[in-house]
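>>> pasting the structure only:
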DNA sequence: ATTTAGAATTGTAATTATTACAATCTTGAA
DNA sequence: TTCAAGATTGTAATAATTACAATTCTAAAT
């Protein structure tokens, strides 16, 4: 599996020791670009790793986020979603099917008022995705 | 108090019956543009309205949001904040003091991929506000 | 190979925002 | 005045996340 090497590489690049659990989480994120929640990840990995704990998933995701290896997406709902792609991009949430899509970041003129120092922008679109729009 | 008339007017414009509780919530939102949480509002109004219930605040905010009288802001944290200003604008969260500022919406070219139907955009900036930046 | 300290993982319990729901109260039309 | 719909209230439930202490793992030093 190429993904394993890939996952380990991502971890090492961010100076995170590639434990089994961390590697599995990153592998999952690489293979599932649907912006899963902590619980999604736990439910998916749990069968293969019977001793896995939910807390571990939260710990791992926290470490990954702190070291810039993943991006947290807080969109509309109560639970946080995670994205292994940390490149500059926006998100689109379909209000019908609920799926979240990666979207190219719009080119925008950032005319922030005097004195505001920007570090980061999140852009969230809401609307209907092509698939849902075509149905009916 | 001018705010009272203002609050009632906002409610009526959105076809919401101006009950005492609803009017007080809207008044609070008009006078406190700091994007309060449901709990902020409850704590502020509760002393003057001893029988007020937290559930009522949630109900009122839900009604207001469904009728387009307020805007919910889901930025970074676990709890939702509310903004009486429903005009098109962005938000800036200071990562030092935690305050949230209303910011002019950046002019942006919305080149969404083919087939995506946009209904709404949220733009959240993160960074340091002028006040925090000037300290040290 | 063994020891050992620090890091990582685990399980349980606590926290917290929000919702569900049923009971009560209000209001305005008949 | 009555009555039904709508609004408010209080309590209990839900669900995501965190706190924390105990255990396990790992990698370096002996």
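Yep, it's here. Please read all numbers here as calculations on a predicted model, not as lab measurements.

>>> so is residue A:11 in a helix, a strand, or just coil?
Assigned by DSSP: H, G, I helix; E, B strand; the rest coil, the conformation of residue A:11 is helix.

>>> which positions in chain A make contact with chain B?
Residues of chain A found near chain B (CB under 8 Å from any CB of the partner chain) are A:74-78, A:92, A:95, A:101, A:103-104, A:106-130, A:133-134. Using the backbone N, CA and C atoms, a C-beta is placed for each residue, glycine as well.

>>> my read is that residue A:24 contacts residue A:46, right?
No. In this structure, residue A:24 is not within contact of residue A:46 by CB atoms under 8 Å, at 10.5 Å.

>>> what angle separates the lengthiest strand in chain A from strand B:117-128?
Criterion DSSP state E: the longest strand present in chain A is strand A:117-128. Counting by axes from the mean of the first three to the mean of the last three CA atoms, to 10 degrees, strand A:117-128 lies at 160 degrees to strand B:117-128.

>>> what does the domain assignment say about chain A?
For chain A, the domain assignment from automatic domain parsing gives the residue ranges A:2-83, A:89-134.

>>> just the pLDDT for the residue lying closest to residue A:114 once chain neighbours are set aside.
Leaving aside its sequence neighbours, residue A:114 sits nearest to residue B:130 (CB to CB, 6 or more residues apart in numbering or on different chains; 7.1 Å). Reading off the confidence values, residue B:130 has pLDDT 97.

>>> likewise for residue A:2?
At residue A:2, the model reports a pLDDT of 88.

>>> hang on, the earlier thing: of residue A:24 and residue A:46, who's got more company?
Higher neighbour count among residue A:24 and residue A:46: residue A:24, with 21 against 14, using other CB atoms under 10 Å in any protein chain shown.

>>> list the contacts for the more buried one?
A:7, A:45, A:48, A:49 (CB atoms under 8 Å, 6 or more residues apart in numbering or on different chains).

>>> the residue nearest the centre of chain A pairs with what?
With distances taken as CA atoms, centre = their mean, residue A:83 lies nearest the centre of chain A, 1.5 Å away. Beta bridges link residue A:83 to residue A:71, judged by DSSP bridges.

>>> does DNA strand C have contacts with stretch A:53-68?
Yes. Part of stretch A:53-68 sits near DNA strand C under the criterion CB under 7 Å from any atom of the strand, namely A:53, A:54, A:55, A:56, A:59, A:60.

>>> what about the helix or strand of chain A with the lowest mean pLDDT, distance to the chain center?
One helix or strand of chain A scores below all others by mean pLDDT, DSSP states H and E: strand A:107-109, with a mean of 86. Distance of strand A:107-109 from its chain centroid, counting by CA atoms, centre = their mean, to the nearest Å, is 23 Å.

>>> any idea how far residue B:68 is from the residue nearest to residue A:126 when sequence neighbours are not counted?
Spatial nearest neighbour of residue A:126, excluding adjacent residues (CB to CB, 6+ apart): residue B:120 at 4.3 Å. Distance of residue B:120 to residue B:68, given as CB to CB, to the nearest Å: 11 Å.

>>> who are the neighbours in contact with residue A:118?
Neighbouring residues of residue A:118 by CB under 8 Å, 6+ apart: A:110, A:112, B:92, B:125, B:126, B:127.

>>> residue A:125 now?
Applying CB under 8 Å, 6+ apart, we find residue A:125 in contact with A:90, A:91, A:92, A:93, A:103, B:112, B:116, B:118, B:120, B:121.

>>> what's the answer for residue A:38, then?
A:54, A:57, A:58, A:61, A:79, A:80, A:82.

>>> what's the answer for residue A:109, then?
Contacts for residue A:109 (CB under 8 Å, 6+ apart) come out as B:106, B:107, B:108.
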